[in-house]
Structure formats: structure tokens, C-alpha cells
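Colleague: Structural data only, the sequence is not supplied:
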């Protein structure tokens, strides 16, 4: 298979933008509104707000708590672009010797993703207050962080097959694009479960089967 054909296979999917904001609070103020878990949905740019539980799945009724204050995709991440003042933790290309190049993320921390300016926090709080029918003063967060999954090195939160693509054929071909090159490709982007761990496992299994046959 030619390089052009491989490039066509890779471009058979389109990355979808996704954006998240997390916010922490001294107390779970949403409990006073009888919201214990699950999510609220709105047509405001924050789109979805998730009320997180503890590690056992129990509602957090007292003490420090956190929201996924915003989870949005489609055109909505563009709204937050005007408030973005930092691109997030960067992946660094490590290794200078031939055949020793690898990607590392240097274990990014919460503080790495905090916006430097207050505008994003203020706008997020304004929308949360409108969504829940409470005052902004009542729901002031301790801190927030955000992630735009459309940024490098991800390109998007998940991928969808392009219109007209014969996905079963692409899934089979992209596992090993070049018959004479020991390069294998897997991941949920080229699976029947795009955006889910199941898709990554499905294609990983396909790579293992292909590799096993090649070694026989």
C-alpha cells in the first residue's frame, strides 16, 4: 500500500472537539437543591454539569466536593476559546538519539490546567447560577481547571467515520497499512466503538491477531 493510500486511511475519520471544566467547592452546594448525582443539561455553553460522587458511588453530602461544571462538544467549545489563555500541559518530544524518540507528559497536575485569568471562572459561575436558579455569590468555586481535547496531541475528544467511508474495510486495512513494514495501528478511532474503551480493546485484539499470523 502506498503512502497516499495510508494517508487516506488515517483521514477516514474526523476528530470531534470536546471541552471540560472542573470546579471545586468547600461544600457541595447542589445538595441543598436535592441534586445528589447524575447531570443537568442546558442550552447554555456549559451544556452539561455532572455531580460527582465519592469512590464508592455515594453522594458527597459534606466537605470538599467537585463538579464537572461543563462538558460540551460540537460548536460549544468555540465559545470558551475567547477565555483560553493557556494551551494546557504540553507533551514533550524526548530523546535525541536515532530510534530513541518518545512522547512523555511529565505527569501534569491540576494547577497546570488552571486558567491564568479570572474570566473563565466568572463566566462558568454565571452560567451555573443561571442553570440552578441560585446567586453567583452562593456558588463561588475554590479553583477550576479545564481541558480542550481538540488541542495537540489529541486533535479531538473522539472520532467519527467520514460519510461514505466503508468502515469494515478501513478497520481491516489500517491494522497494518504496509505489508512489508512492521507498523501496526490500533485505537478506538478506527473501531466499531469510537470514543469508548471497548473500541480500543477491539482494535488492540485485531492487532494481536494480525501480529500472531505475521509471526507464524
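Modeller: Received it, and whenever you're ready, just let me know what you need. As the structure is a prediction and not an experimental result, all values here were calculated from the model.

Colleague: ok, residues contacting whichever strand or helix holds residue 66?
Modeller: Secondary structure here is read from DSSP states H and E; on that basis residue 66 sits in strand 65-73. The contact list for strand 65-73, computed with C-beta atoms under 8 Å, 6 or more residues apart in numbering, reads 16-25, 27-28, 30, 45-52, 80, 124, 127-128, 141, 144, 146, 157. Placement of C-beta: from N, CA and C, glycine included.

Colleague: By neighbour count, sort out the buried ones in those residues.
Modeller: Neighbour counting over the contacts of strand 65-73 (16 or more other C-beta atoms under 10 Å) leaves 16-23, 25, 28, 30, 45-51, 80, 124, 127-128, 141, 144, 146, 157 as the buried ones.

Colleague: Stretch 69-77: which residues count as buried?
Modeller: By neighbour count, and taking 16+ other C-beta under 10 Å as the criterion, the buried residues in stretch 69-77 are 69-73, 76-77.

Colleague: So for it, mean pLDDT?
Modeller: Stretch 69-77 shows a mean pLDDT of 88.

Colleague: same question, stretch 170-178
Modeller: Summarised as a single mean, pLDDT over stretch 170-178 is 92.

Colleague: do stretch 80-94 as well
Modeller: 54.

Colleague: thinking again about what came up before, taking the buried residues of stretch 69-77 together, which two end up most distant?
Modeller: 69 and 73 (15.1 Å; C-beta to C-beta).
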